[in-house]
Each structure stands twice: as structure tokens, then as C-alpha cells.
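Asks: Quick one, structure for this:
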Amino acid sequence: MTELSARSRRGVVVAPHVLAAEAGAEILKEGGNAIEAAVAAAAAIVPAYPHMNHIGGDGFWIVREPSGKVRYIEAAGFAGAKATIDFYKAQGLSAIPERGANAAVTVPGAIGGWQLVLEVSKTLGGKVPVSRLLEAATAIAKKGSPVTRLMEELLADRVADLDAPGFRDTYWPGGKRPKAGDTLKPDKLGATFERLASAGLDDFYRGDVGREIAADLEKIGSPVTRADLEKYRAVFREPIKVKLNSGTVYTTPAPTQGITTLLMLGIYEKLGQAKPESYEFLHGLIEAAKRAMLIRMRTVTDFEKMKVKQEDDLTAAALEKEAKKIDPKKAAPWPQPAGAGDTIWLGAVDASGLAASYIQSLYFEFGSGCVLPATGVVMQNRGCSFSLDPKALNPLEPGRRPFHTLCPAMAELNDGRVLSFGTMGGEGQPQTNATVFTRHVTYNVPIAEAIDRPRFILGRTWGSVITNLRVESRFSPELVDALRRAGHDIEVLPQAYSDTLGHAGGVEIDKKGDIEGAHDPRSDGGAAGA
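Replies: A predicted model of the protein is given here:
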């Protein structure tokens, strides 16, 4: 049985759905490595958790090899050839819609990321065939899986009026909104996985699956073409990093908000030590989040369009400068504009020390809502973050990659530990990453407890337009009052464990070879050991 935490010397996989964690762990048990386990989990979670991710979305990988080499794979799709500002303005639109065919603006990048990361796996001795890695995903899609509590709530509260092409045929079977425990069988998706298992992952872009995807996109009026699919490749880039007293933390550069995690950690450290769970701890992290988000919002765009070097914001001098802007007794004005996001994070570590940290996303719940009838692919709506103002930081143009809230992370600690960690949660991802990391590494709280403890979110998270500071009800009233006196616009959420605070996870290997993983009680997931 999959639990929220697991220990093993052979390997551990953590994921926000138990079926995904178990699929990954089975690969480890059969002798597969952490990358192969993570791909199996990433595939399995698509039919099991379609509201949070899909192969119509994007993905980002941080991999640390046993040699110590850290690799980053950007699997972010670009805007289609027909996705121009004039295309939308001709329809009388002042912004890219959040749902429907006009929201399906970008090429799905996730499968390209699986391809590239499996090439890395082969250089490390990986031998598990793609057909085996997709077995669990195929079985889950064809046999069906139970609707989770979270999916039922999303279908009722946030997408009850979603009328995108193909959505209700797949996710409202028989015209009835499914409830927790009901079985969903996305058969066409199962057939797609079968085809990819036999023909190879490249078929998604340059084979029969790609042809069917392109044909359906054309039928619904999406600006993504078959030529766009054929052109797409995931790419290697250099990860960005920050050096802390405890070690080095790596994450994803632009177009993701990965720098926000590193800035938060670096700025918080410059504020000096505080007692865990104290006013100084929480105020310091919140104010560090504000400083970090301001930098992100004025700089992050498509990696190839960046006008600044992100490394310059991560020097000791730059972090010290930002820390000095924080008043220890007073909250800085907020809110600022923010973004949403629906995502899964999963991680895996094996006995060799190979570690994978991976995020896969659709952006909003069920993305654009468009379910392509021939393949069962749910298309993301990440492109709605583009601006129709040509002078904006992230203007829409063909071939451009949109801004991403995704930011998986990896840490090499001075005591020999390697930690793969991450979360979903839109704007809150860096905040959760920094909070969990600080508790676990700086204050030596066990990883499962660090994830379990109450958290905060400043700004929007998935499915929400609220931008104030929200905290779970398990924080002490005295701490909440202290934050209010400092000027924080704070709301205490009624839940002790709120989905709003994201679904965090972490997998860690120490210098003795002991591996431990844990996942969030706020999710439907867990950890599974080999």
C-alpha cells in the first residue's frame, strides 16, 4: 500500500496520485533507474489525474546524475504558426481566452521532454523500453480509474460550465458530472498510449498520432498546425542555481519562475536565523517572496528573448541588497499581478544516486478544456499568459514560449544529501518550495513533517483570483495576530489542510545510501519504495 512517506535503499518515487507513485516504484523494482521510474509515473498520472496535467501540456526536468552533473530539460511548447496578435484581434478579442480552441495556442511539450530525458537515461545504463514505461498509463486509461475528491470538487466548482470541444464527451460521461469514486475511462487516450508504445514517442509529433492531433486542432480552429508539431523538440539548457550556507539549490531558468524559489531562499538566508514557525520566520519568507516576485515579473520571458542574466540576481551582493529592502516589523504593500496554474510535481531517486525532479502541467484545471476526439489529448491553455500588446514583456508571436509558473528543484547539500523537491500551486510554487526546504534543511525538520506543517500563499494559486495572504488554520492565533499588526492583509483559511497551498513532495538520498520520500497530505498521492 502506498503511504505518504517511504524509505528504501533501492529507490523511492513520490507523486500526487498513488497510481503514479506505484507505477514508478514497479519500474525501480524491475531494475529500472530513477529517470525511467519518473517517466512511468509521469505517464500513469495523465489518465489518473487529468485535471492537473496531460500529454497536451508541458514539462520541465531537473536531473542529477550519480557523477554530480545536473541537467535541465526545457519541454515547453511554443506558440503555433497561426498564433498572431492579428489572429485574435480579427475576432474582436482584447486578450487570449482562457478556455476553448483559442486558448489552445501552444504545442504540447511534455512528450518531447520524455524523449530527451530517456536519452539521458540510456547514457546512464537505462534499458527499460518505452512500451514497458507506458504500460501502467495504458491500463489506467483503458480500465479506468476512480474520480478523486479533488477532481469532483473541480468539476463542480470551477469547470461546471466548461463547454470546450470534446470536454463533456470524455469527462462528463452520459451527460452527468462524475462524483468521487466513479470510474472514468478515457479510451482514446489509452489507444494513444498503445500507439506510442509500439511506434515510439516521436510518433506524437511526426507520426500518425501527430497527424491526428493536427487534424483535430484544425477542425476546432486552434492556431497550432501539423508543421508546428513536426518542428518541436525539447532542449537542454543550463539550470540556474544559488549557493546557500547549507549547499547549492538548482532549478529551472526562464521562461519558468524558477528564479523566484532561489531568490526567496537566498534573501531569507541574508535576513539571519529565526526560530522556526515564529513571526520572524513567516514574515521573513513572505517578504522575501514579494521581493522575488517583483524581480520575476519584470524580467522573466522566453529564454531566448531574455534581456538580463538571471545569474546576476543570484549573487551574494544582489541577495544582500534585496534583503536590506525588507522591514522586519512591517509588511510591504501588496498585491501585485499574479498567475494561476494546474500542475503535478513528481520525483524519483534510485540506489545509484540518480535523482529526477519533474513538473508536468496544463496551466488551468483541464487546461483549455479541449479534448481532441481522435487521441483523447487534453490541450493546455498556457498560451493565455501571452499578451496581445506587442510592447509587453511576453507578447504573443509564433514560435515564442509563454511564461511558466513551473519550477522543479534539486539540492546538493554540504552534508552529502541530495534532495529532489517541488510542488504544484501556481504562484505559490516557489513559496512552498522555499518553506519546505527551509524547514527541512535549515531547521532539520524531517521531510514528511516539513511538508505536513501549515503553509501560506501570497498571490494567486490554481483556480483562484485572490491575491492577498492566506494561511492554513493550524497556524497559531498569536502568530496570525502578529502578522496582522505588521500590516499583512491576511485571511485564515477554514481548512487545516487546504488544496490551495499546493501539493508538495520530496525525495532524498543521504551519503549512506538511505533514500526517503514523502508527499503531501493535501493531495491524492503518496510515496512508494522499491
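
Asks: can you pull the contacts of the spatially closest residue to residue 483 that is not a sequence neighbour?
Replies: Distances taken as Cβ to Cβ, 6 or more residues apart in numbering put residue 490 closest to residue 483, at 5.4 Å, once the chain neighbours are dropped. From N, CA and C alone the C-beta is placed, and that goes for glycine too. By Cβ atoms under 8 Å, 6 or more residues apart in numbering, the contact set of residue 490 is 468-471, 480, 483-484.

Asks: For residue 490, give its distance to residue 473.
Replies: For residue 490, the distance to residue 473 under the criterion Cβ to Cβ, to the nearest Å works out to 12 Å.

Asks: Run a quick check on residue 48 versus residue 140, I expect a contact.
Replies: Yes: when contacts are counted by Cβ atoms under 8 Å, residue 48 is listed as touching residue 140 (5.4 Å).

Asks: overlap in contacts of the two?
Replies: residue 19.

Asks: So which of the contacts of residue 490 belong to strands?
Replies: Secondary structure of those is defined by DSSP state E; positions in strands are 469-471.

Asks: Identify, from the residues you listed, the entry nearest to residue 145.
Replies: residue 470 (30.7 Å; Cβ to Cβ).

Asks: List the residues that contact that closest one.
Replies: Each residue near residue 470 by Cβ under 8 Å, 6+ apart is listed here: 456-458, 490-493, 498, 500.

Asks: Let me have these in TSV, extended by distance to residue 280 and secondary structure.
Replies: What follows is those, written out as TSV (distance: Cβ to Cβ, whole Å; DSSP: H, G, I helix; E, B strand; the rest coil):
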residue	distance to residue 280	secondary structure
456	14	strand
457	19	strand
458	17	strand
490	16	strand
491	21	strand
492	20	strand
493	22	coil
498	24	coil
500	24	helix
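
Asks: Now, of those, which are buried?
Replies: Among those, those buried by neighbour count (16 or more other Cβ atoms under 10 Å) are 456-458, 490, 493, 498, 500.

Asks: Run through the chain and note the low-pLDDT ranges.
Replies: By pLDDT under 70, the weakly predicted segments of the chain are 1-2, 335-342, 460-467.

Asks: one more time with 80, if that's ok
Replies: 1-2, 158, 160-161, 273, 335-343, 425-427, 459-467 (pLDDT under 80).

Asks: How is it divided into domains?
Replies: According to automatic domain parsing, the chain is divided into the following domains: 5-234+353-385, 237-341+405-523.

Asks: closest one to residue 397 among those?
Replies: Taking Cβ to Cβ as the criterion, residue 397 comes closest to domain 5-234+353-385 out of the domains of the chain, the separation being 6.6 Å.

Asks: okay, how far is it across the closest one, tip to tip?
Replies: The first and last residues of domain 5-234+353-385 sit 35 Å apart, counting by Cα to Cα, to the nearest Å.

Asks: Give me the distance from it to the chain's centre.
Replies: Per Cα atoms, centre = their mean, to the nearest Å, the displacement of domain 5-234+353-385 from the mean C-alpha position of its chain is 12 Å.

Asks: packing partners for the helix or strand harbouring residue 285?
Replies: With the criterion set as DSSP states H and E, the secondary-structure element containing residue 285 is helix 279-299. Applying 3 or more Cβ pairs under 8 Å, 6 or more residues apart in numbering; DSSP states H and E, one finds that helix 279-299 contacts helix 258-270, helix 316-324, helix 429-437, strand 456-458, helix 477-485.

Asks: For that helix, list the C-alpha coordinates in CSV.
Replies: Extracted in CSV, the C-alpha atoms of helix 279-299 (Å, rounded to 0.1, in the frame of the first residue of the first chain):
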residue,chain,number,x,y,z
TYR,A,279,6.8,35.6,13.4
GLU,A,280,10.3,36.3,12.1
PHE,A,281,10.3,33.0,10.1
LEU,A,282,7.0,33.6,8.4
HIS,A,283,7.3,37.3,7.9
GLY,A,284,10.8,36.9,6.5
LEU,A,285,9.6,34.2,4.0
ILE,A,286,6.6,36.3,3.0
GLU,A,287,8.6,39.5,2.4
ALA,A,288,11.3,37.5,0.6
ALA,A,289,8.5,36.2,-1.7
LYS,A,290,7.5,39.7,-2.5
ARG,A,291,11.0,40.8,-3.4
ALA,A,292,11.5,37.7,-5.5
MET,A,293,8.2,38.0,-7.4
LEU,A,294,8.9,41.7,-8.3
ILE,A,295,12.1,40.6,-9.9
ARG,A,296,10.4,37.8,-11.7
MET,A,297,7.6,39.9,-13.0
ARG,A,298,9.9,42.5,-14.6
THR,A,299,12.4,40.1,-16.1
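
Asks: re the thing from before, most packed of the domains of the chain?
Replies: Comparing those by mean neighbour count (mean count of other Cβ atoms under 10 Å), domain 5-234+353-385 ranks first with a mean of 22.

Asks: all helices of the stretch 101-250 of the chain, in order?
Replies: Counting by DSSP state H, counting those that start in this stretch, one finds helices in the stretch 101-250 of the chain at the ranges 110-123, 130-133, 135-143, 149-157, 167-171, 187-199, 203-206, 208-220, 226-231.

Asks: I would like the residues contacting the first one, please.
Replies: Helix 110-123 is touched from outside by 33, 35-36, 38-39, 42-43, 53-61, 63, 65, 71, 73-75, 126, 130, 196, 201-202, 204-205, 232-236, 356, 360, with contacts defined as Cβ under 8 Å, 6+ apart.

Asks: make it 7 Å
Replies: Residues from elsewhere that reach helix 110-123 (Cβ atoms under 7 Å, 6 or more residues apart in numbering): 33, 35-36, 39, 42, 55, 57-59, 61, 63, 71, 73, 75, 126, 201-202, 204-205, 232-234, 360.

Asks: Tabulate the domains of the chain (a markdown table), appending distance to residue 392.
Replies: Putting these into a markdown table (distance: least, Cβ to Cβ, whole Å) gives the following:
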| stretch | distance to residue 392 |
| --- | --- |
| domain 5-234+353-385 | 10 |
| domain 237-341+405-523 | 9 |
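
Asks: Quick one: closest of those to residue 530.
Replies: Closest among those, using Cβ to Cβ: domain 5-234+353-385, at 3.6 Å.

Asks: before we move on, the earlier item: which residues do residue 490 and residue 473 both contact?
Replies: Where contact means Cβ under 7 Å, 6+ apart, no residue is in contact with each of residue 490 and residue 473.

Asks: List phi and psi for the spatially most central residue of the chain.
Replies: Compute the mean C-alpha point of the chain, and by Cα atoms, centre = their mean the closest residue is residue 359, 3.7 Å away. With angles defined as degrees, to the nearest 10, residue 359 sits at phi -120, psi 140.

Asks: Touching, it and residue 345? I think so.
Replies: Yes: distance between residue 359 and residue 345: 5.0 Å, which falls inside the contact criterion (Cβ atoms under 7 Å).

Asks: can you list residues touching both of the two?
Replies: 408, 422.

Asks: so how far does stretch 332-347 reach from one end to the other?
Replies: Start and end residues of stretch 332-347 are separated by 35 Å (Cα to Cα).

Asks: now swap in stretch 121-132 and tell me
Replies: 15 Å.

Asks: Could you pull up the residues touching the closest residue in space to residue 240 that isn't next to it in sequence?
Replies: The spatially closest residue to residue 240, leaving aside those adjacent along the chain, is residue 253, at 4.6 Å (Cβ to Cβ, 6+ apart). Taking Cβ under 7 Å, 6+ apart as the criterion, residue 253 is in contact with 237, 239-240, 303, 310.

Asks: Mind putting those residues into CSV with distance to residue 215?
Replies: CSV is the format used below for the contacts of residue 253 (distance: Cβ to Cβ, whole Å):
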residue, distance to residue 215
237, 32
239, 37
240, 39
303, 31
310, 39
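
Asks: Which members of the residues you listed occur in strands, if any?
Replies: Applying DSSP E to the contacts of residue 253, the entries found in strands are 237, 240.

Asks: from the contacts of residue 253, which is closest to residue 96?
Replies: The nearest member of the contacts of residue 253 to residue 96, counting by Cβ to Cβ, is residue 303 at 20.7 Å.
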